[in-house]
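Student: please find the sequence and the predicted model below.
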Amino acid sequence: MRYHDIDWDEMWRQSRANKSWKKKKSCDWDRRAASFAERNLDSPFVAQFLAHLQIEPEWTVLDVGSGPGTLAIPISGQVRHVTALDYSAAMLAELNKGAQAAGRDNITTVQASWTDDWQALGLARHEVAIASRSLSVEDLRGALQKLNAWAGKAVYVVDRVGAGPFDPDLFAAIGRNFEPGPDYIFTLNILYTLGIHAKVDFLTLESSRTYPSREEALQSYRWMVDDLTSKEEERLTAYVDARLSRDNTGAWQLIRQTPPRWALIWWRTDGV
Ligand SMILES: C[S@@+](CC[C@H](N)C(=O)[O-])C[C@H]1O[C@@H](n2cnc3c(N)ncnc32)[C@H](O)[C@@H]1O
């Protein structure tokens, strides 16, 4: 067998077809926007990502699947302008709220999808294009080509390593098989087939996570499992309760065995 005979795109599609979780729709993200914003706007993930980002003050940045501005808001303090694109109106509303609170007026939000015609939307080429934890697309190769075409200097992609944000022990606890689907290694190899030799760094988040209430912790775990049965709901609740404790500020802390891991894949588009 030769490396060049491997059809990474087809393997990615097959692996994706077998994953245990369903692709979320924009209305699913709308429902999650407020809690996602609350937990992510000051997440240690941001500092880890920013430590790798090479940007210049006069550059512009396109953030695809920006969510509530996890990265768009802090980055806007370091560059001339940020365009935040997301198909969830509620996520963009959270972003606008966060930008206002941070006193940033150099972020434009665009409610659009990966698959929309960005040219027709008048989306200009930026120096840097980012897609962080937002690569849930039907055509990964096409999405990567799109990012590459929209970035004059560099592209940064954050993709899952193995289970990514999912907690595999939860699936074992509720008695479900868990198939995470394709992770960053497919992305890296698809890029290679496009002639793009990307760099990879790994971002590991903490095993413990804080929630304002027990219900929010439960909600965040329910998000991982589609079509929960009442028996599974009982097991999920028992799993979460067994790992939750209240810290001295009254917040709820949940400790899991496997911390979420992400791959930061990045490359220059200008040959530097
Ligand atoms: C996990 S959040 C990531 C947000 C942010 N980039 C971060 O790293 O915290 C995924 C975001 O991608 C958006 N998204 C998912 N699929 C999308 C699509 N097809 N087009 C546009 N946005 C999409 C969702 O609405 C959501 O805001």
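Tutor: Perfect, thanks for sending it.

Student: quick one, phi/psi of residue 131?
Tutor: Dihedral angles phi and psi of residue 131 (degrees, to the nearest 10) take the values phi -140, psi 100.

Student: now it: how far from residue 146?
Tutor: 9 Å (Cβ to Cβ, to the nearest Å). Glycine gets a C-beta too; all of them are placed from N, C-alpha and C.

Student: more neighbours: which of the two?
Tutor: residue 131 (24 against 19; other Cβ atoms under 10 Å).

Student: how about that one, what does it touch?
Tutor: 63-65, 143, 147, 155-158 (Cβ atoms under 8 Å, 6 or more residues apart in numbering).

Student: and for residue 164, the neighbour number?
Tutor: With other Cβ under 10 Å as criterion, residue 164 counts 17.

Student: residue 129 sits in which helix or strand?
Tutor: For residue 129, the host element (DSSP states H and E) is strand 126-132.

Student: just give me the neighbour total for the residue nearest to residue 11 when sequence neighbours are not counted.
Tutor: Nearest non-adjacent residue to residue 11, counting by Cβ to Cβ, 6 or more residues apart in numbering: residue 186, 6.7 Å away. The criterion is other Cβ under 10 Å. On that basis, residue 186 has 20 neighbouring residues.

Student: please tell me I have it right and residue 186 contacts residue 135.
Tutor: No. Between residue 186 and residue 135 no contact is recorded; they are 10.2 Å apart, counting by Cβ atoms under 8 Å.

Student: show me where the stretch 1-150 of the chain has strands.
Tutor: In the stretch 1-150 of the chain, the segments counted as strands under DSSP state E, counting those that start in this stretch are 60-64, 81-86, 107-111, 126-132.

Student: so residue 212 touches residue 219, yeah?
Tutor: No. Taking contacts as Cβ under 8 Å, residue 212 lies outside contact range of residue 219: 10.9 Å.

Student: name the SS class of the residue nearest to residue 196 when sequence neighbours are not counted, please.
Tutor: By the measure of Cβ to Cβ, 6+ apart, the closest residue to residue 196 outside its immediate chain neighbours is residue 267, 5.4 Å from it. Classification of residue 267 by DSSP: H, G, I helix; E, B strand; the rest coil places it in strand.

Student: and residue 267, bridged to which residues?
Tutor: For residue 267, the residues forming beta bridges with it (DSSP bridges) are residue 155.

Student: Provide a list of residues in contact with it.
Tutor: Residue 267 makes contact with 154-155, 191, 196-199 under the criterion Cβ under 8 Å, 6+ apart.
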